[in-house]
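1. what's the 3D shape of this:
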Amino acid sequence: MASITIDIPDEQLQKLQILAQESGISLEDLLRTRIEDWLSHPTSEFAQAANYVLKKNAELYRRLA
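-> As a prediction, the model looks like this:
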């Protein structure tokens, strides 16, 4: 397993620590779970926007191909 280190503002760290504490899990588990969720389920807003752009520009893309 790999490790990463990121710098975040103290205020954000405090909010994350509170969320982890309220959930009864460690900060590391909270972050690991959110990353897994994020990678497993692309946001519906992004998918909807991508589909809209592809449909809207379908004719242009066909002409450019």
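2. going by C-alpha atoms from here, please, whenever you check contacts or count neighbours.
-> OK.
3. can you show me the CA trace of whatever helix or strand Ala50 lives in as CSV?
-> Element membership for Ala50 (DSSP states H and E) is helix 44-56. Output of helix 44-56 as CSV, limited to C-alpha atoms (Å, rounded to 0.1, in the frame of the first residue of the first chain):
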residue,chain,number,x,y,z
SER,A,44,-23.7,12.4,-11.4
GLU,A,45,-23.3,16.1,-12.1
PHE,A,46,-20.1,15.5,-14.1
ALA,A,47,-21.7,12.6,-16.0
GLN,A,48,-24.7,14.7,-16.8
ALA,A,49,-22.6,17.6,-18.0
ALA,A,50,-20.4,15.3,-20.1
ASN,A,51,-23.5,13.7,-21.7
TYR,A,52,-25.0,17.1,-22.4
VAL,A,53,-21.8,18.4,-24.1
LEU,A,54,-21.4,15.2,-26.2
LYS,A,55,-25.1,15.3,-27.3
LYS,A,56,-25.0,19.1,-28.0
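4. helices and strands around it, which ones?
-> Helices and strands touching helix 44-56, by 3 or more CA pairs under 8 Å, 6 or more residues apart in numbering; DSSP states H and E: there are none.
5. I'd like the next helix or strand past it.
-> Using DSSP H and E, the helix or strand that follows helix 44-56 in sequence is helix 58-64.
6. buried ones in that following helix?
-> Within helix 58-64, not a single residue qualifies as buried, counting by 16 or more other CA atoms under 10 Å.
7. give me the distance from it to the chain's centre.
-> 31 Å (CA atoms, centre = their mean, to the nearest Å).
8. check stretch 36-52 too.
-> Offset of stretch 36-52 from its chain centre (CA atoms, centre = their mean): 9 Å.
9. quote the end-to-end distance of it.
-> Using CA to CA, to the nearest Å, one end of stretch 36-52 lies 26 Å from the other.
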